[in-house]
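S.K.: dropping the sequence and predicted coords here.
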Amino acid sequence: MNSIKYLSCFVILLFLFGCISDDTHGPEQNTTTNSVVDDNNTSIIEEGCDPVCDAKYDCISNSCILKQGCDYDNPACDHDYNCIGNECILKKGCQYNNPRCDSEYNCINNDCVLKKGCQYANPKCDEGYECINNYCILEPSESGSISIKGEVVDSTGSGISGATVQLTSQSVSNGKIYRMYILDEKTTADGSFYFSDSDITEGELGYRLGEPPYYFFLTIYKEGYIDEFIYDYDETPKELSSGEWNVGKITLSDLGTRNEMSEGRFTVKYYDGDEECAEIAMDSMQEYYPQVMEILEVEPYSDTTDFTFNTILEQGYGDWLGSSNGIWTVCYPWTDNIDNPQIADMWNTAIPHEMAHHVQLYLKKPYWAEEGIAQYTTKTINDEIDCSEEFVSIVDLHGENMPAYDSAACAFHMLEQEQPGFFQELLQTMEDDNTNCNRESGYFIKTTMSDVYGSDLTEYFVGNFGFDTETLEDENHCP
Ligand SMILES: [Zn+2]
(Lines give C-alpha, C1' and ligand atoms only; values in the text may rest on other atoms or scores of the structure.)
Protein backbone atom coordinates (compact mmCIF):
# COMPACT_ATOMS: atom_id res chain seq x y z
CA MET A 1 0.00 0.00 0.00
CA ASN A 2 3.03 2.20 -0.19
CA SER A 3 2.10 3.32 -3.63
CA ILE A 4 -1.29 4.52 -2.49
CA LYS A 5 0.33 6.62 0.17
CA TYR A 6 2.62 8.03 -2.39
CA LEU A 7 -0.25 8.77 -4.78
CA SER A 8 -2.10 10.56 -2.02
CA CYS A 9 0.90 12.68 -1.21
CA PHE A 10 1.36 13.39 -4.89
CA VAL A 11 -2.19 14.64 -5.25
CA ILE A 12 -1.84 16.76 -2.15
CA LEU A 13 1.43 18.18 -3.36
CA LEU A 14 -0.11 19.09 -6.65
CA PHE A 15 -2.81 20.93 -4.81
CA LEU A 16 -0.32 22.72 -2.61
CA PHE A 17 1.75 23.72 -5.58
CA GLY A 18 -1.38 24.98 -7.22
CA CYS A 19 -1.98 27.18 -4.21
CA ILE A 20 1.51 28.36 -4.07
CA SER A 21 1.56 29.40 -7.66
CA ASP A 22 -1.77 31.12 -7.26
CA ASP A 23 -0.88 34.06 -5.06
CA THR A 24 -4.41 35.36 -4.87
CA HIS A 25 -5.71 32.43 -2.93
CA GLY A 26 -2.72 31.36 -1.03
CA PRO A 27 -2.80 28.69 1.57
CA GLU A 28 -6.24 29.81 2.82
CA GLN A 29 -7.91 27.42 0.39
CA ASN A 30 -6.77 24.58 2.53
CA THR A 31 -9.21 25.69 5.09
CA THR A 32 -12.07 26.64 2.76
CA THR A 33 -15.04 24.45 3.41
CA ASN A 34 -16.85 22.96 0.39
CA SER A 35 -14.21 24.24 -1.94
CA VAL A 36 -14.03 21.68 -4.75
CA VAL A 37 -11.24 21.36 -7.21
CA ASP A 38 -11.35 19.00 -10.13
CA ASP A 39 -8.05 17.55 -10.95
CA ASN A 40 -7.57 14.35 -12.95
CA ASN A 41 -11.07 13.12 -12.16
CA THR A 42 -10.27 13.27 -8.55
CA SER A 43 -12.79 14.99 -6.41
CA ILE A 44 -11.17 16.57 -3.51
CA ILE A 45 -12.88 18.16 -0.61
CA GLU A 46 -11.36 19.21 2.58
CA GLU A 47 -13.06 16.84 4.93
CA GLY A 48 -14.26 13.39 3.69
CA CYS A 49 -15.47 12.72 0.17
CA ASP A 50 -18.61 14.48 -0.93
CA PRO A 51 -20.33 13.15 -2.84
CA VAL A 52 -19.49 9.76 -1.44
CA CYS A 53 -17.16 7.75 -3.71
CA ASP A 54 -18.46 5.08 -6.02
CA ALA A 55 -17.96 1.51 -4.70
CA LYS A 56 -14.92 1.07 -6.90
CA TYR A 57 -13.17 3.94 -5.26
CA ASP A 58 -11.65 4.51 -1.90
CA CYS A 59 -11.86 7.86 -0.25
CA ILE A 60 -8.31 8.76 0.59
CA SER A 61 -7.38 12.21 1.82
CA ASN A 62 -10.70 13.54 0.62
CA SER A 63 -10.19 11.97 -2.81
CA CYS A 64 -12.01 9.10 -4.47
CA ILE A 65 -9.19 6.88 -5.56
CA LEU A 66 -9.87 3.87 -7.81
CA LYS A 67 -9.36 0.71 -5.84
CA GLN A 68 -6.33 -1.42 -6.70
CA GLY A 69 -6.55 -4.87 -8.31
CA CYS A 70 -7.81 -6.67 -11.35
CA ASP A 71 -11.42 -6.57 -10.24
CA TYR A 72 -11.11 -2.85 -10.98
CA ASP A 73 -8.95 -3.29 -14.04
CA ASN A 74 -6.37 -1.45 -12.00
CA PRO A 75 -4.41 -2.93 -13.49
CA ALA A 76 -6.27 -5.51 -15.58
CA CYS A 77 -4.74 -9.00 -15.87
CA ASP A 78 -2.56 -10.03 -18.73
CA HIS A 79 -4.60 -12.15 -21.21
CA ASP A 80 -2.97 -15.39 -19.96
CA TYR A 81 -4.47 -14.78 -16.52
CA ASN A 82 -7.90 -14.93 -15.04
CA CYS A 83 -8.92 -12.46 -12.36
CA ILE A 84 -10.00 -14.52 -9.39
CA GLY A 85 -10.58 -12.89 -6.00
CA ASN A 86 -9.03 -9.69 -7.39
CA GLU A 87 -5.87 -11.57 -8.15
CA CYS A 88 -4.45 -12.49 -11.51
CA ILE A 89 -4.22 -16.28 -11.61
CA LEU A 90 -2.49 -18.03 -14.56
CA LYS A 91 -5.04 -19.84 -16.73
CA LYS A 92 -4.99 -23.66 -16.77
CA GLY A 93 -3.84 -25.71 -19.78
CA CYS A 94 -0.96 -26.29 -22.10
CA GLN A 95 -1.59 -23.11 -24.01
CA TYR A 96 -0.42 -21.31 -20.86
CA ASN A 97 2.27 -23.89 -20.07
CA ASN A 98 0.23 -24.67 -16.97
CA PRO A 99 1.25 -27.41 -17.16
CA ARG A 100 3.06 -27.75 -20.47
CA CYS A 101 2.68 -30.97 -22.57
CA ASP A 102 5.14 -33.84 -22.59
CA SER A 103 7.47 -33.81 -25.56
CA GLU A 104 5.39 -36.52 -27.30
CA TYR A 105 2.30 -34.34 -27.35
CA ASN A 106 1.24 -31.28 -29.23
CA CYS A 107 -0.84 -28.58 -27.52
CA ILE A 108 -3.93 -28.26 -29.70
CA ASN A 109 -6.85 -26.09 -28.52
CA ASN A 110 -5.30 -26.12 -25.07
CA ASP A 111 -5.28 -29.94 -24.97
CA CYS A 112 -2.25 -32.18 -25.06
CA VAL A 113 -2.75 -34.41 -28.12
CA LEU A 114 -0.41 -37.32 -28.94
CA LYS A 115 1.77 -36.49 -31.92
CA LYS A 116 1.20 -38.43 -35.17
CA GLY A 117 3.68 -40.93 -36.55
CA CYS A 118 5.44 -44.14 -35.82
CA GLN A 119 7.86 -42.45 -33.44
CA TYR A 120 4.90 -42.01 -31.11
CA ALA A 121 3.37 -45.39 -31.97
CA ASN A 122 0.49 -43.39 -33.44
CA PRO A 123 0.15 -45.57 -35.41
CA LYS A 124 2.96 -48.08 -35.18
CA CYS A 125 4.66 -49.35 -38.33
CA ASP A 126 3.46 -52.56 -39.94
CA GLU A 127 5.61 -55.60 -39.53
CA GLY A 128 8.62 -55.52 -41.78
CA TYR A 129 8.85 -51.75 -41.57
CA GLU A 130 11.18 -49.72 -39.48
CA CYS A 131 10.41 -46.29 -38.00
CA ILE A 132 13.08 -43.91 -39.19
CA ASN A 133 12.65 -40.16 -38.59
CA ASN A 134 8.99 -40.84 -37.86
CA TYR A 135 8.48 -42.55 -41.25
CA CYS A 136 7.82 -46.25 -41.78
CA ILE A 137 10.56 -47.47 -44.05
CA LEU A 138 10.68 -50.99 -45.47
CA GLU A 139 13.25 -52.78 -43.37
CA PRO A 140 16.42 -53.27 -45.33
CA SER A 141 17.21 -56.88 -45.85
CA GLU A 142 19.68 -58.20 -43.40
CA SER A 143 23.01 -56.89 -44.32
CA GLY A 144 25.62 -59.41 -45.19
CA SER A 145 26.90 -61.14 -48.21
CA ILE A 146 25.42 -63.95 -50.24
CA SER A 147 27.08 -67.02 -51.65
CA ILE A 148 26.06 -70.23 -53.36
CA LYS A 149 27.82 -73.53 -53.19
CA GLY A 150 27.28 -77.15 -54.02
CA GLU A 151 28.75 -80.26 -55.48
CA VAL A 152 27.99 -82.02 -58.75
CA VAL A 153 28.25 -85.80 -58.61
CA ASP A 154 27.53 -88.76 -60.87
CA SER A 155 25.19 -91.65 -60.07
CA THR A 156 27.92 -93.35 -58.04
CA GLY A 157 28.42 -90.23 -55.90
CA SER A 158 31.79 -89.26 -57.38
CA GLY A 159 32.39 -85.60 -58.10
CA ILE A 160 32.13 -84.52 -61.74
CA SER A 161 34.78 -82.00 -62.70
CA GLY A 162 34.33 -79.51 -65.50
CA ALA A 163 30.54 -79.40 -65.36
CA THR A 164 29.11 -75.99 -66.17
CA VAL A 165 27.07 -74.40 -63.40
CA GLN A 166 25.11 -71.44 -64.71
CA LEU A 167 23.53 -68.94 -62.35
CA THR A 168 20.33 -67.32 -63.58
CA SER A 169 18.22 -64.57 -62.06
CA GLN A 170 14.45 -64.60 -62.37
CA SER A 171 12.13 -61.63 -62.35
CA VAL A 172 8.45 -61.17 -63.08
CA SER A 173 7.21 -58.15 -64.99
CA ASN A 174 3.68 -57.65 -66.33
CA GLY A 175 2.96 -61.26 -65.52
CA LYS A 176 5.80 -62.46 -67.70
CA ILE A 177 8.68 -64.43 -66.30
CA TYR A 178 12.14 -63.32 -67.30
CA ARG A 179 15.22 -65.38 -66.64
CA MET A 180 18.52 -63.66 -67.07
CA TYR A 181 21.95 -65.13 -67.24
CA ILE A 182 24.30 -63.82 -64.56
CA LEU A 183 27.44 -65.96 -64.81
CA ASP A 184 28.69 -69.50 -64.99
CA GLU A 185 31.50 -71.49 -63.49
CA LYS A 186 33.00 -74.92 -64.02
CA THR A 187 33.12 -77.43 -61.18
CA THR A 188 36.54 -78.17 -59.67
CA ALA A 189 38.32 -81.54 -59.70
CA ASP A 190 36.17 -82.80 -56.80
CA GLY A 191 32.95 -81.56 -58.45
CA SER A 192 32.36 -78.58 -56.18
CA PHE A 193 31.42 -75.06 -57.15
CA TYR A 194 31.24 -71.80 -55.23
CA PHE A 195 29.85 -68.43 -56.22
CA SER A 196 31.10 -65.76 -53.82
CA ASP A 197 29.27 -62.54 -53.11
CA SER A 198 31.59 -60.58 -55.36
CA ASP A 199 31.28 -63.20 -58.14
CA ILE A 200 27.53 -62.71 -58.09
CA THR A 201 26.96 -59.06 -57.32
CA GLU A 202 30.05 -57.42 -58.73
CA GLY A 203 30.32 -59.38 -61.95
CA GLU A 204 29.80 -57.88 -65.38
CA LEU A 205 26.10 -58.75 -65.31
CA GLY A 206 25.56 -58.19 -61.59
CA TYR A 207 23.39 -55.17 -62.38
CA ARG A 208 20.74 -57.53 -63.72
CA LEU A 209 20.03 -58.68 -60.17
CA GLY A 210 18.41 -55.43 -59.05
CA GLU A 211 17.79 -55.08 -55.33
CA PRO A 212 17.63 -57.98 -52.88
CA PRO A 213 15.96 -60.30 -52.31
CA TYR A 214 17.40 -62.02 -55.35
CA TYR A 215 15.76 -64.95 -57.11
CA PHE A 216 18.11 -67.58 -58.42
CA PHE A 217 18.16 -70.86 -60.15
CA LEU A 218 20.96 -72.97 -61.47
CA THR A 219 21.42 -74.83 -64.72
CA ILE A 220 24.02 -77.58 -64.72
CA TYR A 221 25.22 -79.37 -67.82
CA LYS A 222 28.06 -81.41 -69.13
CA GLU A 223 28.52 -83.45 -72.24
CA GLY A 224 27.23 -86.99 -71.73
CA TYR A 225 24.84 -86.03 -68.94
CA ILE A 226 21.24 -84.89 -68.75
CA ASP A 227 20.87 -81.18 -67.92
CA GLU A 228 19.82 -80.38 -64.37
CA PHE A 229 17.87 -77.35 -63.20
CA ILE A 230 18.03 -76.46 -59.52
CA TYR A 231 15.31 -74.49 -57.79
CA ASP A 232 14.62 -73.85 -54.16
CA TYR A 233 11.68 -76.22 -54.33
CA ASP A 234 9.28 -77.29 -57.06
CA GLU A 235 9.79 -74.62 -59.73
CA THR A 236 10.18 -71.69 -57.39
CA PRO A 237 13.48 -69.89 -57.61
CA LYS A 238 15.63 -69.57 -54.52
CA GLU A 239 15.01 -66.31 -52.70
CA LEU A 240 18.23 -65.01 -51.25
CA SER A 241 18.94 -61.75 -49.43
CA SER A 242 21.86 -62.81 -47.32
CA GLY A 243 23.73 -65.87 -46.23
CA GLU A 244 24.66 -68.92 -48.16
CA TRP A 245 22.54 -71.13 -50.38
CA ASN A 246 24.05 -74.53 -49.98
CA VAL A 247 22.57 -76.56 -52.79
CA GLY A 248 24.19 -79.74 -51.57
CA LYS A 249 24.87 -82.64 -53.90
CA ILE A 250 23.41 -82.51 -57.38
CA THR A 251 23.40 -85.77 -59.25
CA LEU A 252 23.79 -85.63 -63.02
CA SER A 253 22.29 -88.65 -64.79
CA ASP A 254 23.99 -90.26 -67.73
CA LEU A 255 22.49 -89.16 -71.01
CA GLY A 256 21.75 -92.64 -72.35
CA THR A 257 19.96 -92.99 -75.67
CA ARG A 258 17.11 -90.86 -76.93
CA ASN A 259 13.61 -92.23 -76.77
CA GLU A 260 11.39 -91.94 -79.82
CA MET A 261 7.69 -91.64 -80.48
CA SER A 262 6.30 -91.66 -84.03
CA GLU A 263 2.97 -90.91 -85.64
CA GLY A 264 2.65 -90.67 -89.41
CA ARG A 265 5.41 -88.48 -90.81
CA PHE A 266 6.35 -87.16 -87.35
CA THR A 267 8.93 -88.51 -84.96
CA VAL A 268 9.82 -86.93 -81.62
CA LYS A 269 13.18 -87.79 -80.06
CA TYR A 270 13.65 -87.09 -76.38
CA TYR A 271 15.55 -88.09 -73.27
CA ASP A 272 14.11 -89.63 -70.12
CA GLY A 273 12.25 -86.96 -68.20
CA ASP A 274 11.24 -85.02 -71.32
CA GLU A 275 8.05 -87.03 -71.94
CA GLU A 276 5.67 -84.10 -71.48
CA CYS A 277 7.69 -81.92 -73.83
CA ALA A 278 7.57 -84.76 -76.37
CA GLU A 279 3.77 -85.04 -76.16
CA ILE A 280 3.33 -81.30 -76.71
CA ALA A 281 5.71 -81.35 -79.66
CA MET A 282 3.83 -84.23 -81.30
CA ASP A 283 0.44 -82.56 -80.80
CA SER A 284 1.71 -79.21 -82.07
CA MET A 285 3.23 -80.67 -85.23
CA GLN A 286 0.04 -82.52 -86.04
CA GLU A 287 -1.96 -79.36 -85.52
CA TYR A 288 0.25 -76.97 -87.47
CA TYR A 289 1.74 -79.05 -90.30
CA PRO A 290 -1.48 -79.12 -92.38
CA GLN A 291 -1.98 -75.37 -91.84
CA VAL A 292 1.59 -74.63 -92.91
CA MET A 293 1.19 -76.81 -96.01
CA GLU A 294 -2.05 -75.04 -96.94
CA ILE A 295 -0.20 -71.70 -97.05
CA LEU A 296 3.02 -72.85 -98.71
CA GLU A 297 1.57 -75.44 -101.13
CA VAL A 298 4.98 -76.75 -102.15
CA GLU A 299 6.44 -80.22 -102.05
CA PRO A 300 8.10 -80.58 -98.63
CA TYR A 301 11.81 -81.34 -98.69
CA SER A 302 11.41 -84.53 -96.70
CA ASP A 303 8.73 -87.19 -96.24
CA THR A 304 9.37 -87.17 -92.52
CA THR A 305 9.68 -84.55 -89.81
CA ASP A 306 11.92 -85.23 -86.83
CA PHE A 307 11.50 -83.14 -83.73
CA THR A 308 14.52 -83.49 -81.47
CA PHE A 309 14.91 -82.40 -77.86
CA ASN A 310 18.55 -81.56 -77.29
CA THR A 311 20.62 -81.01 -74.21
CA ILE A 312 21.81 -77.44 -73.79
CA LEU A 313 25.23 -78.35 -75.17
CA GLU A 314 23.79 -80.22 -78.15
CA GLN A 315 21.49 -77.33 -79.00
CA GLY A 316 24.29 -74.78 -78.90
CA TYR A 317 23.03 -71.37 -79.93
CA GLY A 318 19.34 -70.51 -80.08
CA ASP A 319 16.33 -71.94 -78.31
CA TRP A 320 14.72 -73.15 -81.53
CA LEU A 321 16.17 -74.32 -84.82
CA GLY A 322 14.45 -75.53 -87.97
CA SER A 323 15.93 -77.07 -91.08
CA SER A 324 15.06 -79.38 -93.92
CA ASN A 325 15.81 -82.29 -91.62
CA GLY A 326 13.67 -81.27 -88.71
CA ILE A 327 13.20 -79.09 -85.68
CA TRP A 328 15.30 -78.85 -82.50
CA THR A 329 14.87 -77.28 -79.13
CA VAL A 330 15.67 -77.86 -75.45
CA CYS A 331 13.12 -79.22 -73.00
CA TYR A 332 13.65 -76.75 -70.16
CA PRO A 333 11.72 -77.28 -66.92
CA TRP A 334 9.20 -74.67 -68.06
CA THR A 335 8.88 -75.74 -71.69
CA ASP A 336 6.01 -78.12 -70.93
CA ASN A 337 4.12 -75.57 -68.81
CA ILE A 338 1.61 -74.70 -71.53
CA ASP A 339 -0.94 -73.49 -68.96
CA ASN A 340 1.27 -70.41 -68.83
CA PRO A 341 0.12 -68.16 -71.73
CA GLN A 342 3.67 -67.08 -72.41
CA ILE A 343 4.76 -70.70 -72.90
CA ALA A 344 1.65 -71.51 -74.96
CA ASP A 345 2.42 -68.52 -77.17
CA MET A 346 5.98 -69.74 -77.62
CA TRP A 347 4.76 -73.09 -78.93
CA ASN A 348 2.09 -71.51 -81.15
CA THR A 349 4.63 -69.31 -82.90
CA ALA A 350 7.77 -71.47 -82.83
CA ILE A 351 6.18 -74.58 -84.35
CA PRO A 352 4.66 -72.97 -87.50
CA HIS A 353 7.77 -70.82 -87.96
CA GLU A 354 10.23 -73.72 -87.76
CA MET A 355 7.85 -75.98 -89.69
CA ALA A 356 7.80 -73.43 -92.53
CA HIS A 357 11.61 -73.52 -92.62
CA HIS A 358 11.52 -77.28 -92.51
CA VAL A 359 9.16 -77.58 -95.49
CA GLN A 360 10.67 -75.05 -97.92
CA LEU A 361 14.18 -74.19 -96.74
CA TYR A 362 15.48 -76.06 -99.80
CA LEU A 363 13.99 -73.38 -102.06
CA LYS A 364 16.88 -70.97 -102.58
CA LYS A 365 16.36 -67.37 -101.50
CA PRO A 366 18.05 -64.56 -99.55
CA TYR A 367 18.06 -64.86 -95.75
CA TRP A 368 15.51 -62.05 -95.30
CA ALA A 369 13.11 -63.92 -97.58
CA GLU A 370 13.64 -67.19 -95.71
CA GLU A 371 12.69 -65.58 -92.39
CA GLY A 372 10.00 -63.47 -94.05
CA ILE A 373 8.29 -66.55 -95.50
CA ALA A 374 8.48 -68.41 -92.17
CA GLN A 375 7.10 -65.43 -90.29
CA TYR A 376 4.43 -64.70 -92.91
CA THR A 377 3.26 -68.31 -92.52
CA THR A 378 3.16 -68.07 -88.72
CA LYS A 379 1.42 -64.71 -88.57
CA THR A 380 -1.14 -65.73 -91.19
CA ILE A 381 -2.00 -68.94 -89.33
CA ASN A 382 -2.36 -67.08 -86.03
CA ASP A 383 -4.24 -64.27 -87.77
CA GLU A 384 -2.03 -61.62 -86.24
CA ILE A 385 -0.19 -60.07 -89.14
CA ASP A 386 0.04 -56.30 -88.75
CA CYS A 387 1.72 -54.17 -91.40
CA SER A 388 0.53 -50.78 -90.17
CA GLU A 389 3.78 -49.86 -88.43
CA GLU A 390 6.78 -48.50 -90.27
CA PHE A 391 9.08 -51.26 -91.43
CA VAL A 392 12.66 -51.80 -90.40
CA SER A 393 15.36 -52.46 -92.95
CA ILE A 394 15.63 -56.12 -93.84
CA VAL A 395 18.40 -55.88 -96.39
CA ASP A 396 21.20 -56.82 -93.95
CA LEU A 397 19.16 -59.19 -91.82
CA HIS A 398 21.12 -61.89 -90.07
CA GLY A 399 20.56 -63.82 -86.87
CA GLU A 400 17.32 -63.56 -84.94
CA ASN A 401 15.70 -60.16 -85.14
CA MET A 402 11.94 -60.15 -84.56
CA PRO A 403 11.16 -56.64 -85.89
CA ALA A 404 13.04 -57.49 -89.09
CA TYR A 405 11.28 -60.87 -89.32
CA ASP A 406 7.94 -59.10 -89.04
CA SER A 407 8.87 -56.50 -91.65
CA ALA A 408 10.01 -59.25 -94.01
CA ALA A 409 6.68 -61.01 -93.45
CA CYS A 410 4.94 -57.80 -94.53
CA ALA A 411 6.97 -57.66 -97.73
CA PHE A 412 5.08 -60.82 -98.76
CA HIS A 413 1.78 -60.10 -97.05
CA MET A 414 1.20 -56.74 -98.76
CA LEU A 415 1.91 -58.16 -102.21
CA GLU A 416 -0.45 -61.06 -101.49
CA GLN A 417 -3.14 -58.59 -100.39
CA GLU A 418 -2.69 -56.69 -103.62
CA GLN A 419 -2.61 -59.76 -105.83
CA PRO A 420 -4.26 -62.74 -104.13
CA GLY A 421 -2.39 -65.92 -105.07
CA PHE A 422 0.90 -64.07 -105.52
CA PHE A 423 2.61 -65.82 -102.59
CA GLN A 424 1.83 -69.37 -103.66
CA GLU A 425 2.67 -68.58 -107.28
CA LEU A 426 6.01 -67.19 -106.17
CA LEU A 427 6.84 -70.37 -104.22
CA GLN A 428 5.69 -72.49 -107.18
CA THR A 429 8.02 -70.52 -109.47
CA MET A 430 10.90 -71.00 -107.01
CA GLU A 431 10.17 -74.73 -106.85
CA ASP A 432 10.05 -75.03 -110.65
CA ASP A 433 13.37 -73.25 -111.11
CA ASN A 434 15.27 -73.59 -107.84
CA THR A 435 18.14 -71.49 -109.12
CA ASN A 436 21.08 -70.40 -106.98
CA CYS A 437 20.55 -66.93 -108.47
CA ASN A 438 17.62 -66.51 -106.07
CA ARG A 439 20.11 -66.27 -103.20
CA GLU A 440 20.91 -62.76 -104.43
CA SER A 441 18.38 -60.10 -103.50
CA GLY A 442 18.85 -58.35 -106.87
CA TYR A 443 17.88 -61.37 -108.91
CA PHE A 444 15.23 -62.56 -106.48
CA ILE A 445 13.46 -59.17 -106.39
CA LYS A 446 14.06 -57.82 -109.89
CA THR A 447 13.62 -61.05 -111.78
CA THR A 448 11.83 -63.82 -109.84
CA MET A 449 9.44 -61.75 -107.71
CA SER A 450 8.89 -59.04 -110.34
CA ASP A 451 8.06 -61.63 -113.01
CA VAL A 452 5.43 -63.22 -110.79
CA TYR A 453 4.08 -59.82 -109.77
CA GLY A 454 4.00 -58.52 -113.36
CA SER A 455 6.06 -55.37 -112.93
CA ASP A 456 9.35 -54.27 -111.39
CA LEU A 457 9.32 -54.46 -107.56
CA THR A 458 12.57 -52.49 -107.14
CA GLU A 459 10.82 -49.36 -105.89
CA TYR A 460 8.65 -51.41 -103.50
CA PHE A 461 11.73 -52.87 -101.78
CA VAL A 462 13.82 -49.69 -102.01
CA GLY A 463 11.03 -47.54 -100.64
CA ASN A 464 9.88 -49.81 -97.80
CA PHE A 465 12.58 -52.22 -96.76
CA GLY A 466 15.93 -50.47 -96.95
CA PHE A 467 17.20 -51.83 -100.26
CA ASP A 468 19.46 -49.83 -102.54
CA THR A 469 18.70 -49.48 -106.26
CA GLU A 470 22.31 -49.82 -107.39
CA THR A 471 22.99 -52.89 -105.28
CA LEU A 472 19.86 -54.59 -106.60
CA GLU A 473 21.03 -53.73 -110.13
CA ASP A 474 24.50 -55.17 -109.45
CA GLU A 475 23.02 -58.36 -108.05
CA ASN A 476 20.78 -58.94 -111.04
CA HIS A 477 23.50 -60.18 -113.39
CA CYS A 478 22.68 -63.82 -112.92
CA PRO A 479 22.12 -65.49 -116.30
ZN1 LIG B 1 13.47 -68.54 -88.60
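M.R.: Here it is on my side, so go on.
S.K.: do you have the helices of the stretch 251-400 of the chain handy? List them.
M.R.: For the stretch 251-400 of the chain, the helices defined by DSSP state H, counting those that start in this stretch occupy 275-296, 312-315, 341-360, 367-381.
S.K.: and of these, who's closest to Asn62?
M.R.: helix 341-360 (109.8 Å; C-beta to C-beta). (C-beta placed from N, C-alpha, C; glycine too.)
S.K.: near the ion at all, the closest one?
M.R.: No - among the residues of helix 341-360, none lie within reach of the ion under C-beta under 5 Å from the ion; the closest is 5.5 Å away.
S.K.: Tyr214: what's its closest spatial neighbour, skipping adjacent residues?
M.R.: Once flanking residues are discounted, Tyr214 sits nearest to Leu240: 5.1 Å by C-beta to C-beta, 6 or more residues apart in numbering.
S.K.: ok, now how distant is the one you found from Ile146?
M.R.: When distances are taken as C-beta to C-beta, to the nearest Å, Leu240 and Ile146 turn out to be 5 Å apart.
S.K.: over to Leu205?
M.R.: Taking C-beta to C-beta as the criterion, Leu205 is separated from Ile146 by 15 Å.
S.K.: Val165 too?
M.R.: The span separating Val165 from Ile146 equals 16 Å under the rule C-beta to C-beta.
S.K.: these two: which has the busier surroundings?
M.R.: Legend: neighbour count by other C-beta atoms under 10 Å for Val165 and Ile146, higher for Val165 (26 against 22).
S.K.: how near is that one to Asp154?
M.R.: If you go by C-beta to C-beta, the gap between Val165 and Asp154 works out to 15 Å.
S.K.: kindly report the same for Asn74.
M.R.: The span separating Asn74 from Asp154 equals 108 Å under the rule C-beta to C-beta.
S.K.: how about Phe465?
M.R.: Counting by C-beta to C-beta - Phe465 and Asp154 are separated by 53 Å.
S.K.: between those two, tell me which one has more neighbours.
M.R.: Just comparing Phe465 and Asp154: by other C-beta under 10 Å the higher neighbour count belongs to Phe465, 22 against 17.
S.K.: for stretch 463-475, measure first residue to last.
M.R.: Taking C-alpha to C-alpha, to the nearest Å, stretch 463-475 runs 18 Å from one end to the other.
S.K.: flag every buried residue along it.
M.R.: Within stretch 463-475, the residues that qualify as buried are Asn464, Phe465, Gly466, Phe467, Leu472, Glu475, counting by 16 or more other C-beta atoms under 10 Å.
S.K.: centre of the chain to that stretch, how far?
M.R.: 43 Å (C-alpha atoms, centre = their mean, to the nearest Å).
S.K.: ok, stretch 317-337 next?
M.R.: Distance of stretch 317-337 from its chain centroid, counting by C-alpha atoms, centre = their mean, is 31 Å.
S.K.: and the contacts of that stretch?
M.R.: By C-beta atoms under 8 Å, 6 or more residues apart in numbering, the list of residues contacting stretch 317-337 from outside reads 177, 227, 229, 231, 235, 270-271, 273-274, 276-278, 280-281, 285, 301-302, 305-312, 315, 340, 343, 350-351, 353-358, 361-362, 374, 400.
S.K.: list of residues touching stretch 187-201?
M.R.: Applying C-beta under 8 Å, 6+ apart, the set of residues contacting stretch 187-201 from outside is 145-153, 158-163, 165, 167, 182-183, 185-186, 206, 209, 214.
S.K.: what does stretch 97-117 give?
M.R.: Applying C-beta under 8 Å, 6+ apart, the set of residues contacting stretch 97-117 from outside is Leu90, Lys91, Lys92, Gly93, Cys94, Gln95, Tyr96, Tyr120, Asn122, Cys131, Asn134, Tyr135.
S.K.: and for stretch 399-410?
M.R.: By C-beta under 8 Å, 6+ apart, the list of residues contacting stretch 399-410 reads 318, 368-369, 371-372, 374-376, 378-379, 385-387, 391-394, 397, 465.
S.K.: going through those residues, which ones are buried?
M.R.: 368-369, 371-372, 374-376, 378-379, 385, 387, 391-392, 394, 397, 465.
S.K.: out of the residues you listed, who's near the ion?
M.R.: Contacts with the ion within the buried ones among the contacts of stretch 399-410, counted by C-beta under 5 Å from the ion: Glu371, Ala374.
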